[in-house]
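# build me a model from this:
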Amino acid sequence: MHSGLKPLSYDRRDYDLLKTFGATAPAQFPDAYSVENGLWTPNQSDGGDPIFGLPPMPYGCTNYTQADCCADDDQHLHNPMLMENVTHANARGGVEMREALNAAKKVYGRTAYFRITATHPLDMFDAIRLGLLSTKEEGRSASVGTPWFFEWTAPKNGILPIPASFSVQNVAWHNWKIAGWKTINGVPYLIGKPWCGKNYGDKGFIYMSRELCNAVFGIPGSCAFTMTKLTGIEPQRVDLEVVQWIVSLIRRVFKFDQEPAPVPPPPPAPLPPKPESLADSLADRLADAATAALDTEPTPLDQVQDAVACVASLVAVTRPVLQLDPTLAYTPHLLDALKADKRFVSTKIPKRGCIIVSPTVGQVRGHCGIFLDANTIASNDSRSGLWKDNYTFKKWADYFKHKKGLRIFVFEPVDIA
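Prediction:
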């Protein structure tokens with residue numbers, strides 16, 4: 001797979017689909033739903049299709065995806081070459097998603113595009129499903145951009161496997177279409193069309209599980225959009241909260257909301273430096289970093305959505321101390337990283353500075369955090385995105401182990417000479 005898409009950069013000016021049209025999910029999603037036009041399943045790299053006679057476009061995934069998303073709505077095919085004539089995506093070796101979407105507005109007569117984001121209490125899997133279902137009068141599919149992992153080269157029965165690693169180093173990026181979902185052996189899967197031809201996957205289609213969807217769309221640069229022909233809409237931005245966060249930060253920094261402070265007494269004489277043998281341990285430095293971050297938003301630009309940002313927040317909070325892999329965004333991968341990190345050992349007795357992980361299993365979402373002391377845990381608040389001291393060890397065990405059935409792993413920092 002050639003990399004025909006550039007990873008998406010964050011832009012708070014994006015219109016948000018669910019904030020604009022509502023984020024109220026049905027009590028139960030239907031077992032199956034699709035807006036797929038069913039008119040073709042071409043291979044973008046082969047060319048020579050009998051309909052438009054297109055040349056090979058190995059970097060033209062954005063041309064095919066925008067054309068076919070509009071075809072789902074209009075119920076007739078659109079020529080992807082009309083996109084190429086505007087963006088020259090194939091000739092340039094790929095473009096960013098917004099450039100392709102803006103071109104599609106002009107070429108195929110759309111009025112706006114909207115980003116689909118995980119919105120509490122919906123994870124990304126259900127946000128995409130609601131995005132499609134809530135616009136069924138238009139027949140909108142989703143144009144998505146993700147890494148395209150090596151393990152997806154030949155998916156059995158079309159079901160995309162979970163890759164061995166979610167690292168995006170040397171991984172191609174691809175723009176493809178999600179047209180709906182179906183139930184396979186009692187489990188819902190998103191239906192995708194990746195422009196690999198009829199001999200790929202299930203007659204040209206692929207299926208993505210909830211677990212894989214949430215992990216992949218948690219990777220910075222991944223995205224999902226949908227387009228509309230409607231007029232008279234009052235669109236809402238993706239992240240008005242960012243503006244509020246900046247205003248709040250300015251007010252805190254300049255103390256606009258505080259009474260003038262009294263003149264402080266003279267500072268005490270500085271303490272002598274600690275002898276090297278008494279220098280802060282790794283555990284102390286982790287606990288101090290976690291304490292200093294309380295009531296702040298470690299990921300204010302929401303590269304990963306607040307509802308699923310526990311790993312990204314922990315990585316950001318501990319960055320001055322640990323420098324963990326910044327692409328980590330999934331609790332099972334954090335667990336693997338800590339198991340392999342010689343700076344940590346597994347323990348049954350939590351202490352100040354320990355990291356706790358209850359990894360996600362299937363559709364049951366896990367969590368992670370840091371012990372501020374032997375009992376209090378700080379972690380990402382999925383509703384606000386703030387770093388909070390929101391659990392005790394007992395409360396964590398009651399919720400994640402006894403109620404959700406997840407395992408608990410505690411890692412103690414050790415100082416390596």
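
# isn't D126 up against A25?
Yes. Using C-beta atoms under 8 Å, D126 is in contact with A25, at 6.0 Å. C-beta here means a position set from N, CA and C on the backbone, and glycine is covered the same way.

# neighbour count: the two, which is higher?
Higher neighbour count among D126 and A25: D126, with 22 against 17, using other C-beta atoms under 10 Å.

# now do the helices in this structure.
17-21, 61-74, 81-87, 89-92, 97-108, 124-133, 210-216, 240-254, 282-292, 310-318, 331-340, 393-396 (DSSP state H).

# biggest strand in this structure by residues?
Identified as the longest strand of the chain according to DSSP state E is strand 172-184.

# what is the neighbour count of R92?
13.

# ok, now D325?
D325 has 14 neighbours, counted by other C-beta under 10 Å.

# tell me how far the closest residue to it other than its chain neighbours lies from R343.
Excluding its sequence neighbours, the residue lying closest to D325 (C-beta to C-beta, 6 or more residues apart in numbering) is A337, at 6.3 Å. From A337 over to R343 the distance is 11 Å, taken as C-beta to C-beta, to the nearest Å.

# kindly report the same for G22.
Distance, G22 to R343, using C-beta to C-beta: 46 Å.

# also A329?
21 Å.

# the more surrounded of these two?
A329 (25 against 15).

# give the contact list for the more buried one.
166, 215, 218-220, 304, 308, 311-312 (C-beta atoms under 8 Å, 6 or more residues apart in numbering).

# now swap in F125 and tell me
Contacts of F125 (C-beta under 8 Å, 6+ apart): 188, 190, 210, 213-214.

# what's the lowest-pLDDT member of those?
Here the lowest pLDDT out of the contacts of F125 sits on N214, with 92.

# that residue contacts D123, doesn't it?
Yes. Shown here, N214 and D123 form a contact pair, counting by C-beta under 8 Å, at 5.2 Å.

# where do the contact lists of those two overlap?
What both N214 and D123 touch, as defined by C-beta under 8 Å, 6+ apart, is the set 308, 365.

# that older thread, so which elements touch the longest strand of the chain?
If contacts are counted by 3 or more C-beta pairs under 8 Å, 6 or more residues apart in numbering; DSSP states H and E, strand 172-184 sits against strand 5-6, strand 33-34, helix 61-74, helix 124-133, strand 142-148, strand 187-193, strand 206-208.

# dump the residue contacts of the closest residue to I206 other than its chain neighbours.
Nearest-residue entry for I206: G192, 4.4 Å, with adjacent residues in sequence omitted and distances by C-beta to C-beta, 6+ apart. G192 makes contact with 144, 160, 176-179, 205-208, according to C-beta under 8 Å, 6+ apart.

# closest to V35 among the residues you listed?
Closest approach between these and V35, by C-beta to C-beta: A179, at 5.5 Å.

# where's the closest residue to the closest one other than its chain neighbours relative to I159, distance?
Nearest-residue entry for A179: E36, 3.9 Å, with adjacent residues in sequence omitted and distances by C-beta to C-beta, 6+ apart. Going from E36 to I159 by C-beta to C-beta gives 17 Å.

# show the pLDDT at Q236.
Looking at Q236, its pLDDT stands at 57.

# cool, A261 as well?
46.

# domains in this protein, by residue range?
Per automatic domain parsing, the domain ranges recorded for the chain read 5-237, 280-413.

# endpoints of the shortest one, how far apart?
Okay, so that is domain 280-413. Start-to-end span of domain 280-413 (C-alpha to C-alpha, to the nearest Å) is 12 Å.

# next: stretch 152-167.
End-to-end distance (C-alpha to C-alpha), stretch 152-167: 14 Å.

# try stretch 354-371
Stretch 354-371 has an end-to-end distance of 5 Å (criterion: C-alpha to C-alpha).

# for that stretch, which positions count as buried?
354-360, 365-371 (16 or more other C-beta atoms under 10 Å).

# and if you look at stretch 68-85?
Judged by neighbour count using 16+ other C-beta under 10 Å, the buried positions of stretch 68-85 are 68-73, 78-84.

# check stretch 386-398 too.
By neighbour count on 16+ other C-beta under 10 Å, the buried set for stretch 386-398 is 386-391, 393, 396.

# in strands, which of those appear?
Among those, the ones falling in strands (DSSP E) are 387-391.

# where does this protein dip in pLDDT?
Per-residue confidence for the chain (pLDDT under 70) gives these ranges: 1, 23, 232-279, 301-304, 306, 417.

# and the spatially most central residue of it, how close does it get to K106?
The geometric centre of the chain, computed from its C-alpha atoms, lies nearest to G218 (C-alpha atoms, centre = their mean), at 2.0 Å. Taking C-beta to C-beta as the measure, G218 falls 32 Å from K106.

# next: Q169.
Distance from Q169 to K106, by C-beta to C-beta: 35 Å.

# in the sheet, who's paired with the residue nearest to I206?
I178, I206 (DSSP bridges).

# that one and P359, how far apart?
Distance from G192 to P359, by C-beta to C-beta: 26 Å.

# could you do A112 as well?
Distance from A112 to P359, by C-beta to C-beta: 39 Å.

# ditto for R110
41 Å.

# make TSV from the buried residues of stretch 354-371 and add distance to A118 to it.
Below are the buried residues of stretch 354-371 laid out as TSV (distance: C-beta to C-beta, whole Å):
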residue	distance to A118
C354	29
I355	24
I356	23
V357	21
S358	19
P359	19
T360	14
R365	11
G366	15
H367	15
C368	17
G369	20
I370	23
F371	27
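
# and those residues, which is closest to Y59?
For the buried residues of stretch 354-371, the residue nearest Y59 by C-beta to C-beta is T360; the value is 34.0 Å.

# how about that closest one: what's its closest non-neighbour residue?
Using C-beta to C-beta, 6+ apart, the nearest residue to T360 is G366, at 4.1 Å.

# list the residues that contact that neighbour.
310, 331-332, 357-360, 400, 404, 406.

# can I get these in a markdown table including distance to I51?
Shown next, in a markdown table, are these (distance: C-beta to C-beta, whole Å):
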| residue | distance to I51 |
| --- | --- |
| C310 | 47 |
| T331 | 45 |
| P332 | 43 |
| V357 | 51 |
| S358 | 51 |
| P359 | 46 |
| T360 | 42 |
| F400 | 52 |
| K404 | 49 |
| L406 | 49 |
